[in-house]
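>>> Turn this into a model:
(one chain, ligands or ions: 1)
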Amino acid sequence: MPRPRLESERLILQKFARRDASTLDDAIRVSLADLHQWLPWARMDYTTVDTTSFIRDSIQAWKEDRAWDYSIRMKEAPGVHVGNISMWTVSKLGKIAEIGYWVRTDRTSGGICTEAVGRLLDEAFTAMGYHKVVLRIAVGNAASDRVAEKLGFTREGTLREELLIRGNWVDHSLWSLLDREYRSLKRTAARR
Ligand SMILES: CC(C)(COP(=O)(O)OP(=O)(O)OC[C@H]1O[C@@H](n2cnc3c(N)ncnc32)[C@H](O)[C@@H]1OP(=O)(O)O)[C@@H](O)C(=O)NCCC(=O)NCCS
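Sure thing, here's the model as predicted:
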């Protein structure tokens, strides 16, 4: 299991607690138009009951070691939820994890997602011993593709009609990063 609280230069990633409902709900509300386009759960009629039930499921998933969701916070304003990042195992045998994320609309393009994924990659490869981490990104989601590129992921190919989003089956790109690639990128960054 990853640690329930992780820090990076500007961010805190923390496991959800019931008290996070109102700031999470606020972030979803201001971001719904963007989230709606790419994430099946982000229906335009999303309610606070959905938020409460997400947090309950998330706490249970941590208990069962099924998935690890984090609330992303800025160190400078730790009371405000700025996004979600989650990790789960897709293959125990292959030691493969997947990461998913979103960032509140009024905080996008500031490098928050890249920093949060970078921190979770460290946990995945260094603390948890995964061999490979994957991202599935809807074809056309240029901001998310850019996050994958900036972190050194390789686009493996297209997963055809992978997810049903707002009544349309949407192709997704599969991006991956291997343990040895991550370590080599870290070594290169440290030499700079
Ligand atoms: C995708 C998402 C998580 C990115 O979060 P973020 O914190 O803005 O990400 P970062 O700032 O680390 O990086 C985003 C990059 O995409 C770029 N970008 C933003 N919008 C873009 C667009 N429409 N076309 C191309 N690039 C775009 C940004 O300029 C930045 O690149 P740069 O650092 O080279 O300038 C956020 O936009 C989001 O939550 N979108 C809606 C939900 C979603 O798509 N989730 C991911 C599902 S796979």
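
>>> Near the ligand, which residues of this protein? Just list them.
Residues of the chain lying close to the ligand (Cβ under 6 Å from any ligand atom) are 34-35, 38-39, 101-103, 108-114, 137, 141-144, 146-147. The way it works is simple: take the backbone N, C-alpha and C, and place the C-beta from them, glycine included.

>>> In the chain, what residue spans correspond to helices?
Counting by DSSP state H, one finds helices in the chain at the ranges 21-38, 48-63, 112-122, 142-150, 179-191.

>>> out of those, nearest to R5?
With Cβ to Cβ as the criterion, R5 lies closest to helix 112-122 of the helices of the chain, at 11.1 Å.

>>> ok, I137 - contacts?
By Cβ atoms under 8 Å, 6 or more residues apart in numbering, the contact set of I137 is S144, D145, A148, H172, S173, W175.

>>> what's the neighbour count on the nearest residue to it once chain neighbours are set aside?
In space, and not counting its chain neighbours, I137 is closest to S144: 4.6 Å by Cβ to Cβ, 6 or more residues apart in numbering. By other Cβ atoms under 10 Å, 20 other residues sit near S144.

>>> give me every residue that touches S144.
Shown in contact with S144 (Cβ under 8 Å, 6+ apart): W38, C113, L135, I137, A138.

>>> now for the contacts of I137, which pair is the farthest apart?
Greatest spacing in the contacts of I137, by Cβ to Cβ: A148 and H172 (11.7 Å).

>>> can you give me the mean pLDDT across stretch 79-94?
Per-residue pLDDT values across stretch 79-94 average out to 98.

>>> Between helix 112-122 and the longest strand along the chain, find me the angle.
Counting residues, the longest strand found in the chain (DSSP state E) is strand 77-91. Angle between the axes of strand 77-91 and helix 112-122 is 50 degrees (criterion: axes from the mean of the first three to the mean of the last three Cα atoms, to 10 degrees).
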